[in-house]
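Visitor: coords please:
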Amino acid sequence: MKLHFETRRSDSPWVDMVWTCTGGQVTSMTAVAGVRWGLVFWEQDGRAYASVTGPATRTATVPVPRGATFTGIEFALGTSLRAVPTPALVDGGIELPDTWHRSFRLDGARHETPGPDDAEALVDRLVRAGIVVRDSLVAEVLRGPHDPGVSQRTVERRFRAATGLTRGAVRQIERARTAAELLAGGAPAADVVAGLDYFDEPHLARALRSYVGRSAGQLRQGVDCAIGLDLG
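Guide: Below you'll find the model as predicted:
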């Protein structure tokens, strides 16, 4: 039994991805490690909910409201909420109170609940209001090699303050997610090891276990399980 995920990349510099999900009869899923914070909106039995989700450093089994439909926004690395430091969201999140069918409250103001096609419009409003902010130094570092004009210690401190994670943790988690997608697409484990610079297949297996919650064989065979990752 699988969750039905649909994802799209965003052309907004503030947004990485917009996704939708239908739970159907699934009551729990494997949550995969991820490096970005987000906003998630869902409806179940006529009631509306919203939450802020944080980066996750490990896999976990989480409940799924039966029959719920979700819309999610994953924000670009280096962005954050003015009112909540991203490190406080790591491996957790905040359910937003006072959520209605068409609106939700965030940082003391009420906003219109977005659908998957107007997520960027909501983000633009949050940015203009100063509710979503960004560390320009972290954004520069993420764009590629350059001289930031400050010490590496300062870069690492600001990177962690903005993202809640070290740059090493971000690389490890993103690599494991890429590996899972390649394996689910049929790539041999040996090719994934070589292409993503793992030491060997046991090294890949440990990363998948920690960050994805599936083995290479399960991903290649398409095991019929609910997992919070769009594997096509």
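
Visitor: Every contact and neighbour count from this point should use C-alpha atoms.
Guide: Fine.

Visitor: Report pLDDT for the closest residue to residue 82 other than its chain neighbours.
Guide: Spatially, and ignoring its direct neighbours in sequence, residue 82 is nearest to residue 131 (5.2 Å; CA to CA, 6 or more residues apart in numbering). pLDDT, residue 131: 98.

Visitor: Number of residues surrounding residue 131?
Guide: 18 (other CA atoms under 10 Å).

Visitor: Pull up the gap between it and residue 71, please.
Guide: 20 Å (CA to CA, to the nearest Å).

Visitor: give the contact list for the residue of the chain most remote from its centre.
Guide: Most distant from the centre of the chain: residue 149, at 29.8 Å, with distances by CA atoms, centre = their mean. With CA atoms under 8 Å, 6 or more residues apart in numbering as the criterion, no residue contacts residue 149.

Visitor: Next, the buried residues of the lengthiest helix in the chain.
Guide: The single longest helix within the chain, with elements called by DSSP state H, is helix 167-184. By neighbour count on 16 or more other CA atoms under 10 Å, the buried set for helix 167-184 is 170, 173, 175, 176, 177, 179, 180, 181, 182, 183, 184.

Visitor: so what secondary structure elements neighbour that helix?
Guide: helix 152-163, helix 189-195, helix 201-211, helix 216-221 (3 or more CA pairs under 8 Å, 6 or more residues apart in numbering; DSSP states H and E).

Visitor: Check which residues of stretch 66-75 are buried.
Guide: Under 16+ other CA under 10 Å, the buried positions of stretch 66-75 are 68, 69, 70, 71, 72, 73, 74, 75.

Visitor: now stretch 77-84
Guide: 77, 78, 79, 80, 81.

Visitor: That stretch: end-to-end distance?
Guide: 15 Å.

Visitor: And the contacts of that stretch?
Guide: Looking at what lies outside stretch 77-84 - CA under 8 Å, 6+ apart - the contacts are 14, 16, 35-37, 86, 107, 130-136, 138-139, 159, 162-163.

Visitor: can we see that at 10 Å?
Guide: Defining contact as CA atoms under 10 Å, 6 or more residues apart in numbering, one finds that stretch 77-84 is touched by 13-16, 35-38, 52, 86-87, 94, 106-108, 126-127, 130-142, 158-164, 170.

Visitor: List buried residues within the residues you listed.
Guide: Among the contacts of stretch 77-84, those classed as buried by 16+ other CA under 10 Å are 14-16, 35-38, 52, 86-87, 106, 126-127, 131-135, 137-139, 158-164, 170.

Visitor: which ones among these are found in helices?
Guide: 126, 127, 137, 138, 139, 158, 159, 160, 161, 162, 163, 170.

Visitor: Return the closest of the residues you listed with respect to residue 207.
Guide: Taking CA to CA as the measure, residue 207 sits nearest to residue 170 out of those, at 12.8 Å.

Visitor: ok, the residue lying closest to the closest one once chain neighbours are set aside to residue 43 distance?
Guide: Distances taken as CA to CA, 6+ apart place residue 35 nearest to residue 170, at 6.0 Å, with adjacent residues excluded. Distance from residue 35 to residue 43, counting by CA to CA: 25 Å.

Visitor: Could you do residue 55 as well?
Guide: Residue 55 is 23 Å from residue 43, by CA to CA.
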